[in-house]
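Novice: Could you look at this predicted model? Sequence included:
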Amino acid sequence: MDRFLLYLAMATLLFWVAFGIDLFFGNRSIQFLKDLPLPTKSPSHRVSIIIPARNEERNVEEALKSVLQQDYEDLEVIVVNDRSTDRTGSILDEMARAYPTFRIVHLQELPRGWLGKNYALYRGGQEASGDLLLFTDADVVVHPSAVSRAVGYMREHQLDHVAIAPDVRMPGVLLQLFVGAFGIFFSLYTRPWKARDPKSKRCIGIGAFNLVRRDVYGAVGTHQRSPRGSGSRFRWPRCSLYTSCGGLCWRRSFTAG
């Protein structure tokens, strides 16, 4: 029995060492958005930013203002109010009067067979006119250069999809440790650095920042393909992932008030 337990402990140790090595070198192969240079060429693609919002009265104003301050020239912003029961709708209406450059879609009902957020993203995609679609969230704050850097890299490397994980800002050490642990296990499970490998079946999507070519989004079936599932199930033809914005975008979580 003692020998069996020894072998079991050694096998377990080797298993975690192998995973640790894979995680270390995999994460080192992923670039950060903050390290990408600003593009020198003028944008040749219109970007439609699509933001679903449900009961986001605490976060939506700050997040939306950061989106409206992007330095990317050819930009449209579409906010989908997904049946909010708080002040989200009225806040959006007030902002629309102050910032007439974005549009609001108010949803009152959810069609049968759909998850709320997926349907909101789908409706936003229907309203969009851009060549590139950026799906993001109503609690994500982005640096003014975030869209320019992501689009520039996408164009330079001829990619169909770029997914970017935000920094998550949590109050307190325990919550920060939880986020760190979640990031480690998420990376071990998904191995996101494999998403760009055409021989790999790995794929990844980050709700906070999914930038995709409109024609490719249509070719894979839009959100209609998976009305109750995750967009990360889509296998984009040419995909790349940045594990963190490196401070160029962040998610507000557990805000006080």
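Specialist: Thanks, I have the structure now.
Novice: Now name the helix or strand holding residue 106.
Specialist: strand 102-107 (DSSP states H and E).
Novice: Quick check: what element follows that strand along the chain?
Specialist: Counting by DSSP H and E, what follows strand 102-107 is helix 116-127.
Novice: Quick one: mean pLDDT over the helix or strand following that following helix.
Specialist: Heading C-terminal from helix 116-127, the first helix or strand you meet, by DSSP H and E, is strand 132-136. Taken as a whole, strand 132-136 has a mean pLDDT of 96.
Novice: Same question for stretch 109-128.
Specialist: Averaging pLDDT residue by residue across stretch 109-128 gives 94.
Novice: The stretch 1-150 of the chain: helices as residue ranges?
Specialist: 2-28, 60-68, 88-98, 116-127, 146-156 (DSSP state H, counting those that start in this stretch).
Novice: and these as TSV, adding distance to residue 54?
Specialist: The C-beta positions use only the backbone N, C-alpha and C, and glycine is treated the same way. TSV is the format used below for those (distance: least, C-beta to C-beta, whole Å):
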stretch	distance to residue 54
helix 2-28	32
helix 60-68	10
helix 88-98	7
helix 116-127	6
helix 146-156	23
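Novice: re the thing from before, what angle do the strand holding residue 106 and helix 88-98 make?
Specialist: 150 degrees (axes from the mean of the first three to the mean of the last three C-alpha atoms, to 10 degrees).
Novice: partners of strand 102-107 in the sheet?
Specialist: Strand 102-107 sits in its sheet next to strand 75-82 (parallel), going by DSSP bridges.
Novice: so where's the stretch 1-150 of the chain shaky on pLDDT?
Specialist: Low-confidence segments of the stretch 1-150 of the chain (pLDDT under 70): 1, 23, 25-29.
Novice: what does the stretch 151-257 of the chain give?
Specialist: Checking the stretch 151-257 of the chain against pLDDT under 70 turns up 170, 179, 193-195, 197, 200, 202-203, 229-257.
Novice: and with 90 instead?
Specialist: 153-208, 220-221, 223-257 (pLDDT under 90).
Novice: And stretch 199-217, what's buried?
Specialist: Buried residues in stretch 199-217, counted by 16 or more other C-beta atoms under 10 Å: 202-214, 216-217.
Novice: list the contacts for residue 91?
Specialist: In this structure, residue 91 makes contact with 57, 60, 61, judged by C-beta atoms under 8 Å, 6 or more residues apart in numbering.
Novice: now those in TSV, with neighbour count and distance to residue 191?
Specialist: Rendered in TSV, the data for the contacts of residue 91 read as follows (neighbours: other C-beta atoms under 10 Å; distance: C-beta to C-beta, whole Å):
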residue	neighbour count	distance to residue 191
57	18	37
60	26	33
61	16	37
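Novice: With distance to residue 151 added, can I get those in CSV?
Specialist: Output for the contacts of residue 91, formatted as CSV (distance: C-beta to C-beta, whole Å):
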residue, distance to residue 151
57, 30
60, 24
61, 25
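Novice: Pick the one among those residues closest to residue 116.
Specialist: Using C-beta to C-beta, residue 60 comes nearest to residue 116 of these, at 15.8 Å.
Novice: how many other residues sit next to the closest residue to that closest one other than its chain neighbours?
Specialist: Among residues not flanking residue 60 along the chain, residue 138 sits closest, at 4.7 Å (C-beta to C-beta, 6 or more residues apart in numbering). Residue 138 is flanked by 28 other residues according to other C-beta atoms under 10 Å.
Novice: With residue 58 instead?
Specialist: Residue 58 has 17 neighbouring residues, counting by other C-beta under 10 Å.
Novice: Could you pull up phi and psi at it?
Specialist: The phi/psi pair for residue 58 (degrees, to the nearest 10) reads phi -80, psi -30.
Novice: thinking again about what came up before, what residues of the strand holding residue 106 count as buried?
Specialist: Going by neighbour count (16+ other C-beta under 10 Å), the buried part of strand 102-107 is 102, 104, 105, 107.
Novice: Fine, thanks again, bye for now.
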